[in-house]
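[1] give me a model of this one.
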Amino acid sequence: MPVLASHRKPRAKVRTTSPAVGLTTAALASVTLLSPQSAAAAPAEPKPAIEEVRKKVDALYRQAGAATQEYNRAKAASASQQTKVDALLSDVAKRTEKINEARRALGSYAAAQYRSGGITPTATFFLADDPQGYFDQSRLMDRATERQQRAVTEFRTQQAAAAKKRAEAVKSLETLTGTQATLASSKKDVQTKLTEARGLLSRLTAEEKARLAELERKKEAEAKEKAAKLAARQAAEAKERAAAEEKAREEAADDSGGTGSGSGTDTGPGTGTGTGTGTGSGYAAKAEEVLAFARAQIGKPYVWGASGPSSYDCSGLTRAAWRAAGVTLPRTTWDQVEVGTRVATSDLLPGDLVFFYDDISHVGVYKGDGMMIHAPKPGANVREESIYSMPIYGSVRPA
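    Residues are numbered from 1 along each chain as shown. Here you go, the predicted model:
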């Protein structure tokens, strides 16, 4: 068979000299030129402006403050509920002992009757699985002696009372368990918010931290300016009131014709002045004790959930300060704002409580001249500051 001729074309030789090197160099140059464009196509997430960081951190601290008040409320409720549960369990134990005493009395009657001749209805009642059912179906009480009847009645009374107290204890324990769950949840919420705030601050550069500090100084200066205006306004109003009262005294003296038994000497200098609200010297004396205590705490650290003596949160400080004046306040800002009399910002007196934010998550003690003493936030110490450093919710006069 003849061999068929091959129809494949001969393979052309490929040159591997300088042109290939030129192509490779061009490709590398192309990649180098395109690299910046590729990086630009997927930019890193831009850092937030420092003002945004400040607002975010402030919001987190405020949320942590609200969670702290929730924690404080749950802690106070838990302590109160624990006391109630302990009292109920103690009462149940005492009633159980009384049941046992009644049971022993019934047992002595049963033993005596057994010795005298068999099991009596009293013994049957006492030993029955369902004494109450047996009692309802029998005429034991008709045949029992008077002493036996009293013993049976006492047994039934103590048994019913103990059952009632046991039910109360069980219900209180369930409430306590729920309160403790809220306590744990609030604690976790506080810690989460504070961790997030610290994380934001830790990622700032030195330059950004300096800018943030400058924003804080500007904010503080604006707040102090507002406080100074309030102080000037209050001083002017006090001066006007003093002048009006002096004029009224002079007119009263003129009307009396300069005679009488010296009624003008009964008022004494400064009586009833400087408040404009009818508040007497009793409140001023208490307020001085409050402020003396608050001043002594300046420099101590803010610690959420703390109420002294080495550290405080905001409501822990106000509560401790007023306790020094003999007035007991609730633990949380939400409850403290409901105590006493509401007053306008323009009518504030030293010792009044000033509350902040729509959620009433912060409080301070008014010092006068638009300033307060408060425990500000985590990382800060108890200090004096303008009441205008935060949005004011309202103010109260506790006593």
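
[2] can you pull the contacts of the residue nearest the centre of the chain?
    By C-alpha atoms, centre = their mean, the mean C-alpha position of the chain lies nearest to Gln69, the distance being 1.3 Å. Going by C-beta atoms under 8 Å, 6 or more residues apart in numbering, Gln69 touches 315, 332-334, 361. (C-beta placed from N, C-alpha, C; glycine too.)

[3] of these, which is the nearest to Leu88?
    Thr332 (25.7 Å; C-beta to C-beta).

[4] for this structure, what spans make up the helices?
    Secondary structure of the chain (DSSP state H): helices at 18-41, 50-115, 121-127, 131-137, 140-143, 146-202, 206-255, 281-296, 314-323, 333-336.

[5] now the angle from the second one to helix 206-255?
    Here helix 50-115 runs at an angle of 80 degrees relative to helix 206-255 (axes from the mean of the first three to the mean of the last three C-alpha atoms, to 10 degrees).

[6] tell me the average confidence for helix 50-115?
    When pLDDT is averaged along helix 50-115, the result is 81.

[7] thinking again about what came up before, quick check: the residue nearest to the centre of the chain vs Thr341, distance?
    Here the criterion is C-beta to C-beta, to the nearest Å. By it, Gln69 lies 22 Å from Thr341.

[8] of the contacts of Gln69, which is the most crowded?
    Within the contacts of Gln69, Ser315 tops the neighbour count with 32 neighbours, counted by other C-beta atoms under 10 Å.

[9] relative to Arg249, how far out is that one?
    43 Å.

[10] likewise Arg211?
    Distance from Arg211 to Arg249, by C-beta to C-beta: 57 Å.

[11] so which of these two has more stuff around it?
    Arg211 (17 against 13).

[12] wait, doesn't the more buried one sit right on Ile50?
    Yes - with contact defined as C-beta atoms under 8 Å, Arg211 and Ile50 form a contacting pair (4.8 Å).

[13] ok, now which ones touch the residue nearest to Arg342 when sequence neighbours are not counted?
    Take Arg342 and drop its neighbours on the chain: the residue closest to it by C-beta to C-beta, 6 or more residues apart in numbering is Val396, 5.6 Å away. Applying C-beta under 8 Å, 6+ apart to Val396 gives the contacts 336-337, 339-343, 352-353, 355.

[14] scan those residues and report the most crowded one.
    Counting by other C-beta under 10 Å, top hit in these: Leu353 with 29 neighbours.

[15] so that residue bridges to which residues?
    For Leu353, the beta-bridge partners under DSSP bridges are Val365, Val396.

[16] OK, contacts around it?
    Applying C-beta under 8 Å, 6+ apart, the residues near Leu353 are 318, 336-337, 340, 363-366, 395-398.

[17] now it: how far from Leu317?
    For Leu353, the distance to Leu317 - C-beta to C-beta - is 11 Å.

[18] common neighbours of these two, please.
    Val365.

[19] tell me the confidence at Ala324?
    97.

[20] and it, how far from Thr318?
    Distance from Ala324 to Thr318, by C-beta to C-beta: 11 Å.

[21] the two: which is more packed in?
    The neighbour comparison of Ala324 against Thr318 (other C-beta under 10 Å) goes to Thr318, with 28 against 15.

[22] quick check: the gap between the more buried one and Ala221.
    For Thr318, the distance to Ala221 - C-beta to C-beta - is 26 Å.

[23] and what of Lys165?
    62 Å.

[24] ok, those two, which is more surrounded?
    Lys165 (20 against 10).

[25] tell me if I'm right that the more buried one and Ser90 touch.
    No - applying C-beta under 8 Å, one finds Lys165 not in contact with Ser90, separated by 9.7 Å.

[26] number of nearby residues for the nearest residue to Gly316 once chain neighbours are set aside?
    Among residues not flanking Gly316 along the chain, Ser307 sits closest, at 3.3 Å (C-beta to C-beta, 6+ apart). By other C-beta under 10 Å, 18 other residues sit near Ser307.

[27] ok, Ser307 - contacts?
    313, 316-317, 319-320, 331.

[28] repeat that for Leu348.
    Listed by C-beta under 8 Å, 6+ apart, the contact set of Leu348 reads 234, 354, 366, 387, 395.

[29] what's the spacing between it and Ala227?
    In terms of C-beta to C-beta, Leu348 sits 11 Å off from Ala227.

[30] common neighbours of these two, please.
    By C-beta under 8 Å, 6+ apart, the residues touching both Leu348 and Ala227 are Ile387.

[31] ok, back up a step: wait, which of the contacts of Leu348 is closest to Thr205?
    Distances from Thr205 to the contacts of Leu348, taken by C-beta to C-beta, are shortest for Ile387, at 33.1 Å.

[32] so the closest one is in contact with Met371, correct?
    Yes - contact status for Ile387 versus Met371: in contact at 6.9 Å, counting by C-beta under 8 Å.

[33] overlap in contacts of those two?
    Both Ile387 and Met371 are in contact with Ala227, where contact means C-beta under 8 Å, 6+ apart.

[34] the nearest residue to Ala102 once chain neighbours are set aside and Ser346, how far apart?
    Leaving aside its chain neighbours, Ala102 sits nearest to Phe155 (3.8 Å; criterion: C-beta to C-beta, 6+ apart). Phe155 is 69 Å from Ser346, where distance means C-beta to C-beta.

[35] now do Ala161
    The gap separating Ala161 from Ser346 is 58 Å, by C-beta to C-beta.

[36] give me the more crowded residue out of these two.
    Higher neighbour count among Ala161 and Ser346: Ala161, with 15 against 10, using other C-beta under 10 Å.
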